[in-house]
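In: sequence below, structure please.
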Amino acid sequence: MNIYNTSHIGKMPLWLDDFRFIIDMFKPFMEQLAKAVAKTENMVLTGCTETISGGLSTVTAGYTLIAGELCYFRGGTIAIAPNEFAIFTINQTINHDGDRTFGDGTVHEDIYIIREAQLEKVDDHEQPEGYCSVSANGLSLFRQIYEPKFAKKTAFNKDFGTEVGQILPIGTHGVGDGILIYEGQDDGVNSVPVKTGFNKNFGVVAGTVAEGNHNHVGVYKPNFTENTAFNKDFGTVAGTVAEGGHQHDYTTAGAWQIATLNAGWDGYLSYRIHNRMLQFEGYVEASSGTSDVIFTLPINYRPILDRVRHIVQVVMSSSEMTVIIVRTNGDVTISHEINASTTLYMNFEIPLT
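Out: Here you go, the predicted model:
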């Protein structure tokens, strides 16, 4: 909205253009605001309550929106017949209190222009453009919103009959007249039976329609409790499925996990994933007869191929190299027979992929 700045001091001159600017500043804004609230260009905004008595329509003062223009209504009364109704139109007059003699001697008598709403009587069949209506029964009609009045016929605005553009009355004409009768209607000669279920018999075979209480037993899959993601819950642990946007982080070093050693093995052994490598750290000790499987890795830590590494083995204070195999099933095994008091130093890493 524009601003007429009056904050300056020092005897500001006043021109006619100043008044034009002020009018242009407020008038379009107020009218657009009224149309936005009314959602139409013709509407009673406030007041204008109608009372009908003895053929007279009396309307109280109020504000109207007529063809998008804000107009004040002072209130008034108008005589209307049953087939007539009162409408609001715009009446323009001149207030001669505003007459001015200009500096060039010219007298202007159209300075104060008054535009107000007035009551006007119209016939029920007239459809004037740009008006706000007040009905003969005391209700606001706003007839410009609805379709024009027309003479309605019977049967979907079609006459009954047997010709093109007409509708055949039920049960009045039959096949003998060359007209297809409705199913189920008896023309005295022929009777067409109506079947159930969209003109199909109820049943459970092809060509029939199942009744509402029919249960299709054995057709569908057994009922079960469904989870997300192929009946698995989303997650990042064993037994879950990674969501579409998930990325497996192999670059950040994972936490060290303590190995659960099989029976017959002692010591301290830990493992973790770092840079797509499975790292081992620690030692294990065994006695004669101990299983060659030291421990089994969890699913998320298993390589896609069997991996072989040479490590240091100490038996009876004698050091030698031995082979460790990390298998795809997670078993971490030693490749030869285990001697009593065998110590394995498990400091190595293998690729997971």
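In: buried residues in stretch 225-244?
Out: Within stretch 225-244, the residues that count as buried by 16 or more other Cβ atoms under 10 Å are V241. Placement of C-beta: from N, CA and C, glycine included.
In: please disregard the earlier target; I meant stretch 278-290.
Out: Within stretch 278-290, the residues that count as buried by 16+ other Cβ under 10 Å are 278-280, 282-286, 290.
In: so for it, mean pLDDT?
Out: Stretch 278-290 carries an average pLDDT of 83.
In: roughly how far is that stretch from the heart of the chain?
Out: Relative to the centre of its chain, stretch 278-290 is centred 61 Å away, using Cα atoms, centre = their mean, to the nearest Å.
In: ok, which stretches of the protein are helices?
Out: For the chain, applying DSSP state H gives helices covering 16-38, 154-157, 196-199, 228-231.
In: circling back: farthest pair in the buried residues of stretch 278-290?
Out: Spatially, the most separated pair among these is Q279 and T290, at 24.2 Å (Cβ to Cβ).
In: so what's the residue lying closest to M321 once chain neighbours are set aside bridging to?
Out: Take M321 and drop its neighbours on the chain: the residue closest to it by Cβ to Cβ, 6 or more residues apart in numbering is H310, 5.1 Å away. Beta-bridge pairing for H310 (DSSP bridges): V323.
In: one more: the one 4 residues further on?
Out: Applying DSSP bridges to V314 yields these beta-bridge partners: S319, T343.
In: check whether it really touches T322, as I assumed.
Out: No - look at V314 against T322 with Cβ atoms under 8 Å: they stay out of range, at 9.8 Å.
In: beta partners for Y268?
Out: Note on Y268: beta-bridge partners by DSSP bridges are Y283.
In: what is the burial count for it?
Out: Burial of Y268 is recorded as 13 neighbouring residues (other Cβ atoms under 10 Å).
In: ok, now L65?
Out: 22.
In: could you do T353 as well?
Out: 8.
In: just the pLDDT for the residue nearest to it when sequence neighbours are not counted.
Out: Leaving out its chain neighbours, the residue that sits closest to T353 by Cβ to Cβ, 6+ apart is I304, at 5.7 Å. At I304, the pLDDT value in this model is 92.
In: got it, and V205?
Out: On the pLDDT scale, V205 gets 82.
In: contacting residues for the closest residue to T342 other than its chain neighbours?
Out: Nearest residue to T342, sequence neighbours excluded (Cβ to Cβ, 6+ apart): A286, at 4.8 Å. A286 is in contact with 264-266, 338, 342, 344, counting by Cβ atoms under 8 Å, 6 or more residues apart in numbering.
In: of the residues you listed, which is the most crowded?
Out: Going by other Cβ under 10 Å, L344 tops the contacts of A286 with 23 neighbours.
In: tell me the pLDDT of that one.
Out: L344 carries a pLDDT value of 87.
In: for it, which non-adjacent residue is spatially closest?
Out: Setting aside the residues directly before and after it, L344 is nearest to V284 in space (Cβ to Cβ, 6+ apart), at 5.1 Å.
In: distance of that neighbour from V326?
Out: As judged by Cβ to Cβ, to the nearest Å, V284 and V326 stand 14 Å apart.
In: and D104, by the same measure?
Out: Taking Cβ to Cβ, one finds D104 at 110 Å from V326.
In: and these two? which has more neighbours close in?
Out: Neighbour totals were compared for D104 and V326, and V326 leads with 25 against 5 (other Cβ under 10 Å).
In: if I pick the more buried one, what's in contact with it?
Out: V326 makes contact with 278, 297, 303, 306-309, 332, 350, according to Cβ under 8 Å, 6+ apart.
In: of these, which pair is most distant in space?
Out: So, the contacts of V326 by Cβ to Cβ: farthest apart are L297 and V308, at 15.3 Å.
In: which one of those two has more residues nearby?
Out: The residue with more neighbours, out of L297 and V308, is L297; 19 against 12, by other Cβ under 10 Å.
In: spatially, which residue comes closest to that one, not counting chain neighbours?
Out: Nearest to L297 is G330, by Cβ to Cβ, 6+ apart, at 3.8 Å.
In: tell me who's in contact with the one you found.
Out: 296-299, 301-302.
In: before we move on, back to that, ok, the residue nearest to L344 to D266 distance?
Out: Plainly put, V284 is 7 Å away from D266 if you go by Cβ to Cβ.
In: kindly report the same for E243.
Out: Here the criterion is Cβ to Cβ. By it, E243 lies 41 Å from D266.
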